[in-house]
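Asker: Here is a sequence together with a model predicted from it:
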Amino acid sequence: GTVYVADFGNHLVRKVTPDGVVSTLAGKYVFDLNRQAPVGGFNDGPGAEARFNGPFGMAVDQEGNIFVGEVYNNDIRKITPAGVVTSFAGSRVAGSADGTGAAAGFNQPEGVALDQLGNLYVADQLNNTIRKITPAGVVTTLAGLAGKWGSADGIGQAARFSWPVAVAVDSAGNLYVTDSSNHLIRKVTPGGVVTTLAGLAGIFGGADGTGSSAQFNYPHGVAMDDAGNLFVTDGNAIRRGAPALAIRSFGSEFGFHGQFGFVVAGPAGRVAIVQTSTDLQNWLPLSTNTLTAEGWLFRDAQSHDPHRCYRALLPIP
């Protein structure tokens, strides 16, 4: 229940207990009288001895270590549960090189997220790439090409982003990226295959909808819950994207000796409902089942009615 906050403008990492007690875990507040603003710096060390310059995205591993995307120092910092800060990857110099630890380069990295294997993923904003860092600190480019921007889907270097800001990871290791200047939500598989999940490149707005019918306006933060719902900070709104269902229809009499059937595909473990209607206005629940990885093989013994229509729904938990 403890919350960690990247206090970007104050160049601090803060801690908030479940009771609402706020403390500074790492960094020191330094106010410049000439600039009339807090100033950042760079220093590894425990607690107040450490310095940050624009801490942004954070992720916490199973041991309680915190990883921070540090925008203006162009690096990824690591904070132990005791508040000891070290540099995990990057060298403070803007760059795009893959490598281990300080041999790797970033250009204003922002959002970070951890998968179940301890790999860290970084939205490397000004490089327009998604980077992967192993637990040993080995940095590679998973998707996008440094110095190139666009909105193309594709595999690895063939994909394009425009100012990716934040990243979230699901239980299967898929990444979800707020591709801010494209007004898109992108999906990246563990193998680096990039597709557009929602939004239409270059078109901004606030419309709800599915896929390209939805609109965003410089989407920023992104997070995923255990049920597979995606939450996005989008301008002055919080948007929610629920997992979609797909019906794979095999036509009448498919293997069911006169029964109509189809497969309902969706997130495993979630409950789906099949409804029926004869007028597309009034829908009645017909069957409920828990989805598996293979999908739900639905069949209807009463499908002799030629006006009988079907739809599948995924209730919001």
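Answerer: Structure received.

Asker: Which residues does whatever helix or strand Val232 lives in contact?
Answerer: Per DSSP states H and E, Val232 falls inside strand 230-234. With contact meaning Cβ atoms under 8 Å, 6 or more residues apart in numbering, strand 230-234 is reached by 168, 176, 178, 185, 206, 216-225, 238-242. For the C-beta atoms, the positions are set from N, CA and C on the backbone; glycine is no exception.

Asker: ok, Val232 to Arg131 distance?
Answerer: 21 Å (Cβ to Cβ, to the nearest Å).

Asker: before we move on, the earlier item: now restrict the contacts of strand 230-234 to buried residues only.
Answerer: 168, 176, 178, 185, 216-222, 224, 239, 241-242 (16 or more other Cβ atoms under 10 Å).

Asker: Quick check: the farthest pair among those?
Answerer: For these, the farthest-apart pair by Cβ to Cβ is Tyr218 and Ala242; their separation is 22.2 Å.

Asker: one step back: of Val232 and Arg131, which one has the most company?
Answerer: In terms of neighbours (other Cβ atoms under 10 Å), Arg131 is the more surrounded of Val232 and Arg131; the figures are 28 against 22.

Asker: For that one, which residues are in contact?
Answerer: Residues in contact with Arg131 (Cβ under 8 Å, 6+ apart) are 104, 106, 109, 121-122, 124, 139-142.

Asker: and the closest residue to Ser212 other than its chain neighbours, how many neighbours does it have?
Answerer: Leaving aside its chain neighbours, Ser212 sits nearest to Leu200 (4.7 Å; criterion: Cβ to Cβ, 6 or more residues apart in numbering). Applying other Cβ under 10 Å, we find 20 other residues in the vicinity of Leu200.

Asker: Tell me the predicted confidence for the nearest residue to His11 once chain neighbours are set aside.
Answerer: Of all residues beyond its chain neighbours, the one nearest His11 is Gly40 (4.0 Å), with distances taken as Cβ to Cβ, 6+ apart. If you check Gly40, the pLDDT there is 94.

Asker: Return the distance of Gly40 relative to Phe31.
Answerer: When Gly40 is compared with Phe31 (using Cβ to Cβ), they lie 12 Å apart.

Asker: Between those two, point out the one with more neighbours.
Answerer: Set Gly40 next to Phe31 and count neighbours by other Cβ under 10 Å: Gly40 wins out with 20 against 10.

Asker: Using PDB, write out every CA atom in whatever helix or strand Val274 lives in.
Answerer: Val274 is part of strand 271-277, with elements assigned from DSSP H and E. Extracted in PDB, the C-alpha atoms of strand 271-277 (Å, rounded to 0.1, in the frame of the first residue of the first chain):
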ATOM      1  CA  VAL A 271     -16.100 -14.200 -17.400                       C
ATOM      2  CA  ALA A 272     -17.900 -13.600 -20.700                       C
ATOM      3  CA  ILE A 273     -21.600 -13.500 -21.400                       C
ATOM      4  CA  VAL A 274     -23.300 -14.500 -24.700                       C
ATOM      5  CA  GLN A 275     -26.600 -12.800 -25.300                       C
ATOM      6  CA  THR A 276     -29.200 -13.400 -28.000                       C
ATOM      7  CA  SER A 277     -31.700 -11.200 -29.800                       C
END
